[in-house]
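J.: pasted the sequence and its predicted model underneath.
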Amino acid sequence: MATDMGGWSETKDATEETQKICDQVKVEVEKQTGNYRVYKAVKYRDLVLCGGTHYLIKVNVGEDYDHLSVNQAAGLGYQVPPSLRGVEQHQTKDAPLVPFTN
């Protein structure tokens, strides 16, 4: 859950749900970056707002890490698929997850 007053959460270990979100946007990510043999969510931060949740997700892609910015809109009784907002490639294992736009 997000921290005080709509701020970004602390960085947390990725969960099954985080990986599921990554898998749902993988096709979009690969359109921007190329195909991956390794694609595993390792860390994430979230920002919960009334319209949905924003995620910053660190994904192990083999030789380095990519950061994904993903929105999950709040559905009123239905499931809305997540949407990819951006990708930052060639990050390190220890690079912090910080909000970005691209």
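T.: In hand now; what should we look at?
J.: I'd say Lys43 and Ala95 touch.
T.: No: counting by CB atoms under 8 Å, Lys43 does not reach Ala95; the two are 10.0 Å apart. All C-beta atoms are positioned from the backbone trio N, CA, C, and that covers glycine.
J.: which of the two has more neighbours?
T.: Taking other CB atoms under 10 Å, Lys43 and Ala95 do not tie; Lys43 has more neighbours (20 against 14).
J.: now stretch 45-62: buried residues?
T.: Judged by neighbour count using 16 or more other CB atoms under 10 Å, the buried positions of stretch 45-62 are 45-48, 52-61.
J.: can you pick out the most distant pair from these?
T.: Pairwise distances across the buried residues of stretch 45-62 (CB to CB) peak at 26.6 Å, for the pair Val48 and Val61.
J.: wait, what's in contact with Phe100?
T.: Residues near Phe100 by CB atoms under 8 Å, 6 or more residues apart in numbering: 67, 69, 86, 88.
J.: so which of these are in strands?
T.: Among the contacts of Phe100, the members found in strands (DSSP state E) are 67, 69, 86, 88.
J.: let me know the pLDDT of the second one.
T.: Model confidence at Ser69, expressed as pLDDT, equals 97.
J.: what's the burial count for it?
T.: Using other CB under 10 Å: Ser69 sits among 20 other residues.
J.: ok, it - contacts?
T.: Here Ser69 is in contact with 54-56, 84-87, 99-101 (criterion: CB under 8 Å, 6+ apart).
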